[in-house]
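Novice: Just to be clear, the model below is a prediction. Sequence and coordinates:
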Amino acid sequence: MSQATSAAPGGLLDPLASLARAAGEAILEVYRTDFAVRDKADGSPVTEADARAEAIILAGLHELDRQTPIVSEEAAAARDTPPAGSFWLVDPLDGTKEFIARNGEFTVNIALIHDHQPVLGIVLAPALGRLYAGAAGAGAFVEDGGTRRPIACRRAPPRGLTVASSRSHGDPAALAAFLRGRAVARTLTAGSSLKFCLVAAGEADLYPRLGRTMEWDTAAGDAIVRAAGGSVVDLAGHVLTYGKPGFENPHFVARGTG
């Protein structure tokens with residue numbers, strides 16, 4: 001990746017949004033069929049849509065930027081050691097359980113990592129017709145219904161927090177213990193990386209994730225939260241980093257501005 005690109009990643013948002021939409025169309029083609037589901041080696045489900053979307057994204061990223069390595073979920077089993085320096089981090093279909101359940105809450109995730117931090121993120125929910133994007137120095141936006149508008153994290157209101165939690169991977173007991181002593185006005189459930197986007201758009205104040213995730217699950221949403229003025233930290237308060245051996249994340253919290 002060139003020095004200019006790493007310094008101003010916002011210039012990549014539009015071409016990457018187009019790439020994500022192309023992958024999203026391929027996913028929807030499968031979504032409309034009686035698709036088959038198989039289990040990966042780790043027991044998680046996968047469909048033809050994952051493979052189709054990944055092929056489109058990998059080809060598009062190679063065309064856009066031939067210098068920067070790519071780590072994609074469906075190909076990551078072949079490597080445990082992250083690339084040195086900058087790299088793309090891709091989850092071609094995040095929320096496969098939501099895809100199988102046909103509830104629309106699955107996403108295409110594309111992120112750019114630089115110096116162990118996510119500096120750009122694209123999250124497309126193709127079935128919902130909604131795209132979120134953000135980059136360091138460029139802010140964040142959502143496209144919905146043919147319009148684009150800026151988004152930003154909010155300061156938690158005095159009446160209490162709105163908390164986002166996972167629709168398919170939640171641990172109610174762990175979440176209740178984490179929130180004990182906090183004023184909570186309401187909770188929202190959502191699939192895939194959409195929970196990050198709720199925080200970035202000021203629709204939620206907190207998204208605690210107290211279970212296993214991988215870097216490709218979080219990088220794009222993390223970048224958007226940061227671009228919108230929020231942060232993503234581990235339970236000790238340290239900013240989440242990327243390019244860890246094995247690509248596994250600690251438990252974390254995505255949060256707004258206060």
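Specialist: Good, I have the coordinates. Numbers count the residues shown, from 1 in each chain.

Novice: Next SSE downstream of the longest helix seen in the chain?
Specialist: Determined from DSSP state H, the single longest helix within the chain is helix 13-31. Sequence order places strand 37-39 as the next helix or strand after helix 13-31, per DSSP states H and E.

Novice: how much distance is there from that next one to the middle of the chain?
Specialist: 22 Å (C-alpha atoms, centre = their mean, to the nearest Å).

Novice: Ok, stretch 178-197 next?
Specialist: For stretch 178-197 - counting by C-alpha atoms, centre = their mean - the centre lies 16 Å from the chain centre.

Novice: any idea of the mean pLDDT for that stretch?
Specialist: The average pLDDT within stretch 178-197 is 94.

Novice: One more: stretch 16-33?
Specialist: 97.

Novice: For it, buried residues please.
Specialist: 16, 17, 19, 20, 21, 22, 23, 24, 26, 27, 30, 31 (16 or more other C-beta atoms under 10 Å). Placement of C-beta: from N, CA and C, glycine included.

Novice: How about stretch 101-119?
Specialist: 103-114, 117-119.

Novice: quick one: low-confidence parts of the stretch 51-200 of the chain?
Specialist: Residue ranges of the stretch 51-200 of the chain with pLDDT under 70: 76-80, 168-170.

Novice: Do you have the strands of it handy? List them.
Specialist: Using DSSP state E, counting those that start in this stretch, the strands found in the stretch 51-200 of the chain span residues 70-72, 87-94, 107-114, 117-125, 130-135, 139-144, 147-151, 161-166, 184-190.

Novice: quick one, which of the ones you listed is nearest to residue 206?
Specialist: Nearest to residue 206 among the strands of the stretch 51-200 of the chain is strand 161-166; the distance by C-beta to C-beta comes to 4.9 Å.

Novice: Quick one: distance of the closest one to the chain centre.
Specialist: That offset, for strand 161-166, works out to 16 Å (C-alpha atoms, centre = their mean).

Novice: if we look at it, which residues are touching it?
Specialist: 175, 179, 182-191, 195, 198-199, 203-209, 211, 254 (C-beta atoms under 8 Å, 6 or more residues apart in numbering).

Novice: quick one on the thing from earlier: output the strands of the stretch 51-200 of the chain in TSV, with distance to residue 49 appended to each entry.
Specialist: Output for the strands of the stretch 51-200 of the chain, formatted as TSV (distance: least, C-beta to C-beta, whole Å):
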stretch	distance to residue 49
strand 70-72	14
strand 87-94	6
strand 107-114	10
strand 117-125	13
strand 130-135	18
strand 139-144	21
strand 147-151	26
strand 161-166	20
strand 184-190	19
